[in-house]
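Chemist: sequence and predicted structure are below.
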Amino acid sequence: MRILYLTFMLLFSIANAQEVKFISKTSNKPLVNVLVFDKNGNVVTKTDINGVINKEELTKEDFYLLSHENIITDTLRLADLEMNSFYISDKIVEIKPIVLEKKDELKEYYIKGYFITYVLMNKKFNCYADGIITYKINKQESKIENEYLEQYRVFTLKDADQKYKKVASFDLKTQMKLPKLEAVENIKAVMDNGKYSFSENKQESEKISLTKKNIESMNVNFLGFQMNNFSREIFANYLSGASLKNYPFNYLNKFSNTIRFSMKHKSEENNNDVVLYTEFIPISYEYVKPKDDIGFSKNKSSYQESYWQDSNFPNTIDIFSSFFKNDIEEQKNAKK
């Protein structure tokens, strides 16, 4: 028995030695979805629901840059990897559940928030968009009935030299999507339907990570292009107490959806890794229908105000631009 115990402890210590946990200096809690960039601007990895990355995913650079919505940037140096925990100075974002007024005569309400969406090609920036979007919710059924895009920006590579049959050169801005919140209409049902494996982390807030099962073996062939190695991860962050109330929309703090797959033309030897990411952060709940509803054109921006200057806005484009400042350009604002 003692030998089994010692063997378990040895394996446990080895596993821990291969991991680094990112922890907030402010709250002493793990930080989820921290992006880790190498010095060339490649997104090497990101922290999981427990704030953890595997050291084996790193490429032995002298240093890495870290990005998260609650920090500007931080630096992880090679010496820091000798420790199992890395503390990050982050800002305090105080969020409370939004109380919806009881208006029995009204059959719907609206969730307004910030969104970001981007595409990575072989771990590098390909395209990006952000903006303000509002969702109409059927009050009785807690279902999303419509979405209203109010403002947005689009950023692409300046000299994207799109060569047919060379996937690595593709400009994939047409693949950018607005966040779809259907998974959080009844996230408990999604957790229980058997199509996803899930992890929960209940501390000051309630975090849920859902990974789609059995799609890695999918193969898609279209016009000579081959796609495989699919994966999908849904992440939802709720305020504390959400599970006791069956995860209502007004407790939702953040939602993200990540789709990964490999893609190549049949004439190419190597696969290209593609990541499609969307994120939504609620900022208000209202009973009035938005005035604006504009189409999402990937060839332009469309905004009337500098919404990205809000202190709580997840301005991920800043860190991408810090690596590719001469290569990234914003599409012309159609509202000017």
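Modeler: That came through fine. Numbering: from 1, shown residues only.

Chemist: pLDDT value on the closest residue to residue 248 other than its chain neighbours, please?
Modeler: Using C-beta to C-beta, 6 or more residues apart in numbering and skipping residues adjacent in sequence, the residue nearest residue 248 is residue 242, 6.9 Å away. The C-beta positions use only the backbone N, C-alpha and C, and glycine is treated the same way. Looking at residue 242, its pLDDT reads 88.

Chemist: tell me the buried residues in the helix or strand residue 117 falls within?
Modeler: When secondary structure is defined by DSSP states H and E, residue 117 falls within strand 108-121. For strand 108-121, a neighbour-count test (16 or more other C-beta atoms under 10 Å) marks 109-121 as buried.

Chemist: ok, stretch 185-200 next?
Modeler: For stretch 185-200, the neighbour count (16+ other C-beta under 10 Å) marks 185, 186, 187, 190, 191, 196 as buried.

Chemist: can you pull out the strands in the stretch 101-250 of the chain?
Modeler: Using DSSP state E, counting those that start in this stretch, the strands of the stretch 101-250 of the chain run over residues 108-121, 124-138, 143-157, 196-202, 205-212, 220-222, 225-239.

Chemist: need the helices for the chain, in chain order.
Modeler: 2-17, 187-192, 317-324 (DSSP state H).

Chemist: hang on, the earlier thing: what's the neighbour count on the residue nearest to residue 248?
Modeler: Neighbouring residues of residue 242 were enumerated by other C-beta atoms under 10 Å; the total is 23.

Chemist: CSV for the strands of the stretch 101-250 of the chain, including distance to residue 252?
Modeler: Listed next are the strands of the stretch 101-250 of the chain as CSV, based on distance: least, C-beta to C-beta, whole Å:
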stretch, distance to residue 252
strand 108-121, 8
strand 124-138, 11
strand 143-157, 12
strand 196-202, 15
strand 205-212, 10
strand 220-222, 32
strand 225-239, 6
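
Chemist: any chance of CSV for those strands, columns mean pLDDT?
Modeler: As requested, the strands of the stretch 101-250 of the chain are exported to CSV (pLDDT from 0 to 100):
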stretch, mean pLDDT
strand 108-121, 93
strand 124-138, 94
strand 143-157, 94
strand 196-202, 81
strand 205-212, 87
strand 220-222, 82
strand 225-239, 89
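
Chemist: of those, which is nearest residue 83?
Modeler: If you check each of these against residue 83 by C-beta to C-beta, strand 196-202 wins as the nearest, at 21.4 Å.

Chemist: circling back to that earlier point, quick check: neighbours of the strand holding residue 117 in the sheet, parallel or antiparallel?
Modeler: Here strand 108-121 is paired, per DSSP bridges, with strand 124-138 (antiparallel), strand 272-286 (antiparallel).

Chemist: of those, which stretch is the most buried?
Modeler: strand 124-138 (a mean of 22; mean count of other C-beta atoms under 10 Å).

Chemist: now it against strand 143-157, angle please.
Modeler: Between the axis of strand 124-138 and that of strand 143-157 there is an angle of 160 degrees, by axes from the mean of the first three to the mean of the last three C-alpha atoms, to 10 degrees.

Chemist: so strand 124-138 versus helix 317-324, what angle?
Modeler: Note on geometry: by the same axes, to 10 degrees, strand 124-138 and helix 317-324 are set 170 degrees apart in direction.

Chemist: the chain should start at 25 in everything you say after this.
Modeler: OK, 25 is where the count begins now, so the last one is strand 148-162.

Chemist: now do strand 148-162: distance to the chain's middle.
Modeler: Relative to the chain's own centre, strand 148-162 is displaced by 11 Å; criterion: C-alpha atoms, centre = their mean, to the nearest Å.

Chemist: cool, and stretch 353-360?
Modeler: Relative to the mean C-alpha coordinate of its chain, stretch 353-360 is positioned 24 Å out (C-alpha atoms, centre = their mean).

Chemist: ok, now stretch 153-168?
Modeler: A distance of 18 Å separates the centroid of the chain from that of stretch 153-168, by C-alpha atoms, centre = their mean.

Chemist: same question, stretch 294-308
Modeler: On the basis of C-alpha atoms, centre = their mean, stretch 294-308 is displaced by 5 Å from the centre of the chain it belongs to.

Chemist: please apply the same query to stretch 275-295.
Modeler: In this view, stretch 275-295 has its centroid 12 Å away from the chain centroid, taken as C-alpha atoms, centre = their mean.

Chemist: so where is the stretch 25-174 of the chain shaky, pLDDT-wise?
Modeler: Segments of the stretch 25-174 of the chain classed as low confidence (criterion: pLDDT under 70) are 25-41, 83, 86-87, 92-98, 102-103, 105, 114-129.

Chemist: show me the contacts for the residue nearest to residue 272.
Modeler: Taking C-beta atoms under 8 Å, 6 or more residues apart in numbering, we find residue 266 in contact with 230, 272, 275, 276.

Chemist: what about the stretch 175-324 of the chain, any weak spots by pLDDT?
Modeler: Low-confidence segments of the stretch 175-324 of the chain, defined by pLDDT under 70, span residues 185-188, 227-228.

Chemist: grab the nearest non-local neighbour of residue 189.
Modeler: With C-beta to C-beta, 6+ apart as the criterion, residue 189 has its nearest non-adjacent residue at 4.3 Å, and that residue is residue 289.
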